[in-house]
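J.: Build the 3D model from these lines:
(chains A and B)
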Amino acid sequence: MFGKKDEGLQIGKQEKNNKKKERVRNREIVIVTCFFSLLMLAVIGNIIHFMVKDSEEAINNAYNPRQELLATRNVRGTIYSADGEILAQTVRSADGTEVRNYPYQNIFAHVVGYATKGRTGIEATENMNMLNSHASITNKIQNELKEEKNYGDNVITTLDTALQQTAYTALGVYQGAVIVTEPSTGKVLAMVSKPDFDPNQISEIWDELVNDSESSVLLNRATQGLYPPGSTFKIITALEYYREHNGDVSGYSFSCNGSFSYEGHKIRCYHGQSHGMVDFTKSFAKSCNSSFANIGVQLSIPDLQNTCRQLLLNTDLKTELVYKKSSFTLSEYDTSYAVMQTAIGQGQTTVTPLELNLITAAIANKGKAMTPYVVDRIESATGMTVKKTSPQTEAVMMTEEEAAFMSGLMKEVVESGTASKLKGLSYTAAGKTGSAEFSGNKSDSHAWFTGFAPAEDPQICVTIIVESAGSGGDYAVPIARRIFDTYFGTNY
Amino acid sequence: MGHVISDLSKYVITVFMIIYTLECFVAVATKKEHERGGVYIRQIICMFMVHFLGFAAICLETEDVSYIIFYGFQQILLFATIALFRVAYPEADKLVINNMCMLLTISFIMLTRISYQKSIRQFIIVTVSLIIGLFVPFLVSKLKFLKHLTWIYGMVGVFALLVVAVLGSVTHGSKISYSINGFTFQPSEFVKILFVFFIAGLLTESKSLGQVVISAVAAAAHVIILVFSKDLGSAVIFFAGYLIMVFIATKNYFYLFAGILGGAGASIVAYHMFSHVRTRVIAFLHPWSNINDSGYQITQSLFAIGTGGWFGLGIDQGDPTSIPYVEQDFIFSAVAEEMGVIFGLCLILVCVSCFIVFMKIAMQLKEEFYRYIAVGLSTIYIFQVFLTIGGGTRFIPLTGVTLPLVSYGGSSVLTTIIMFSIIQGLYCIQSQEGKRNVRKERRRTADREAGEE
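T.: Presented below is the predicted three-dimensional model:
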């Protein structure tokens, strides 16, 4: 009796032992199995990462033959302005040939771009979206029965035709650029670059455009034009000085007699004007070069470099717009003359209107710069939203307090300074002018203005450059005023 | 109308593929075989639906009914395979049979869509391979002398590889095949099996340091010949298979890490010695700036996958033929483009479930020789899947190997079917032995009990 029970126990033990042995024997196989399974999961992870992160940009490539394939199946979608106007559309004639038509001709040339002879602007970045069709199944069946092509998805932009037209007309015959954004979201409301072209005739004028190396018509100056910032750089110099003095600049004063000499080098005020006794606010409002050269030599260069980095100079932006990187190269080893030049925006620094607009918009938006975007949403031909851009923070450039201080300075520029042409209107504007000398010849300067309105609750942020026009106050500020007037619906 | 239906069918196909894949893992996780019956039936239904919808889309898109006949033949072949394997080998793992047929189904659809002519060729080869494969488990379990041919496997393998390296014809810059009477063979595929048998034999004899060194030299001989034939993919696969087999046999982590270090060193040497290795690495690192030459293949593959999106462009609605050698090296990208990335990911998971089942079989095998073979073949299988899909999706540099069972290529599909069948054979041996043991055990206990009475 007992013997049998014992044996039963022993068999049980043996089984357990066997299992244990098996586990020990198989440990390496389990390890190898797990390793390869994880390796394959990593492959899957990489594919998902590609699909979510990179695929959209990757497939929108001229080498992707599927674009032509889709074009044979779907009619390229339409580009609309925010107010529902057609900016680009494909017109089909009776014999089935398709022509891309741009009703506004030259006015939206750079921002909307063109789709033959390569692609630029929205025509390039949203190419795949416009070739794809998210039309409803019933709609597709109908088209199929009628043996017609499906309609590709439409692009609804953030652009406002009234603002764009105003900006376009206001820039007149000058070369230059205008960019208008909404500081709280980063929406681009208008973007003009001159010289311009008519995208309807791109094929006919192509050779001429490509061979003309001087005026670079095809370049979108608003995002790709690199200019010396001139006095608009004083925004950065002032912010840096404010930071280094822990938010107290009340002790600053300077006696301007039209120039400032330091270590044997001389900086002159614009047209040699003498500003007399100026405090910090007045130096900024009057754009006193001598005073800012004096401020410049007192700054810590590494800190200034940090501030510039924080303001996204030398930095890649998240925006989908095609842009050039703005550059700030001053280092501790540069001469004091270079430092003075840089402090008033005449050194090696180059910025795009887009970059300057970002900084200005950050000041208007409590220190936070929003990523600029022109595509609000993608809609199917039947009006269903396929994709919507949600505003995204590009960078926190400064504290709220710093933004408020800078905003105060910029308000004073309008009140008592170089942008007084914006004074006494139904809205209060704030901004900074600039007259950037770009050649040895001192009489030639680019006119800058960057600013926003209303100063107390900014809704619109404008940056303007007028090439070789003269002073910012005389040439850029009036353009800003026309844009503000259009936006706030006032006509004087 | 065709467009719309094939547009819709891609969603339905994706759903069936997801169900199929889930069932794979239900089967893997269910311990008791008799509880899995429903899984297999449901899988077969999913497989049938994917096949049917795939060909319906092709017929509608091309408006050519002749595909229906071809479809009928394929359907017969698939059902016959499932039925015959189940009847001939009741012990065989049914999940592996299903997966093999599912992968072949996907292959039939994609290859028919890419090239009707090639798909017919492939269909004939698959049919022959399956007939051969049907006998393999029987042969493996009966021919006990297979264990003792160690050096013959090695010598035949090296000889076959040498012949190609010297006499082979050059395809796509690699010397990997030779032709006899119009039939083109790619010996490195078949030698994979011989190699696994060879190494398994060596390690069964002894696991001493001396024996490991001998096996290392023999393995190196294979790998070096392959590198000189510019068949990098196979070289890496042989190496990985060898390394894992040594590790499993010796349980020695030192060999594993020494092997990995050695492999890394050899890769660096190869990078500096061979320009074609450098080209591949550069294409991997900077595909977009070399889009016109060395980066062309990989960027086209990424375009295909990306443009297809999660649900694909629909069968016959994409442009997979824009990828050079799509039917061999980039079949995964073609599947992802037209049937969708979700479908593609399921396909990867089906391959992984095959691998896991193979390794589970290996764990149950008591006899070392069979155990090492199972481990070696499964490693080679999954590593090849890794190389081709990882390469086509820019996870690793391209090596130009086929996706087993799915890609076009007779040598590849025949070899893979034989590999699958060998593992099935080993599993049958095991379960027969298990049954015999249980019977013996029962008899013994019965005897004992009788004695005690």
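J.: hey, where'd the strands end up in the stretch 301-450 of chain A?
T.: A:368-370, A:375-379, A:385-388, A:393-396, A:430-437, A:445-453 (DSSP state E, counting those that start in this stretch).
J.: Which residue, neighbours along the chain excluded, lies closest to the residue in the stretch 201-350 of chain B that chain A sits nearest to?
T.: The nearest approach of the stretch 201-350 of chain B to chain A comes at B:Gly306, 3.4 Å away (Cβ to the nearest Cβ). Any C-beta I mention is one placed from the backbone N, CA and C, and that applies to glycine too. Across the structure, with Cβ to Cβ, 6 or more residues apart in numbering or on different chains as the measure, the residue nearest B:Gly306 apart from its sequence neighbours is A:Ser55 (3.4 Å).
J.: what about the one you found, helix or strand, and which?
T.: A:Ser55 is located in helix A:55-59, with elements delineated by DSSP states H and E.
J.: re the thing from before, look up how far B:Ala336 lies from the residue nearest to B:Gly306.
T.: Taking Cβ to Cβ, to the nearest Å as the measure, A:Ser55 and B:Ala336 are separated by 11 Å.
J.: the more surrounded of the two?
T.: Applying other Cβ atoms under 10 Å in any protein chain shown to A:Ser55 and B:Ala336 shows that B:Ala336 carries more neighbours, namely 32 against 21.
J.: show me what contacts the more buried one?
T.: Neighbour list for B:Ala336: A:Ile47, B:Ala304, B:Ile305, B:Gly308, B:Gly312, B:Phe343, B:Gly344 [criterion: Cβ atoms under 8 Å, 6 or more residues apart in numbering or on different chains].
J.: mind redoing it with 7 Å?
T.: Listed by Cβ atoms under 7 Å, 6 or more residues apart in numbering or on different chains, the contact set of B:Ala336 reads B:Ala304, B:Ile305, B:Gly308, B:Gly344.
J.: Out of those, which is nearest to A:Thr138?
T.: Ranking these by separation from A:Thr138, with Cβ to Cβ as the measure, puts B:Gly308 on top at 24.0 Å.
J.: what's the neighbour count on the closest residue in space to the closest one that isn't next to it in sequence?
T.: Here the nearest residue to B:Gly308 in space, its sequence neighbours aside, is B:Glu337; by Cβ to Cβ, 6+ apart that works out to 3.7 Å. Other residues near B:Glu337 come to 32 when the count uses other Cβ under 10 Å.
J.: who in the stretch 351-453 of chain B is up against chain A?
T.: Taking Cβ under 7 Å from any Cβ of the partner chain as the test, the list of the stretch 351-453 of chain B residues beside chain A reads B:352, B:355-356, B:359, B:362-363, B:375, B:382, B:386, B:389-390, B:393, B:395, B:452.
J.: could you redo the last one with a cut-off of 6 Å?
T.: Within the stretch 351-453 of chain B, the residues that sit near chain A (Cβ under 6 Å from any Cβ of the partner chain) are B:Val352, B:Met359, B:Ala362, B:Met363, B:Ile382, B:Phe386, B:Ile389, B:Gly390, B:Thr393, B:Phe395.
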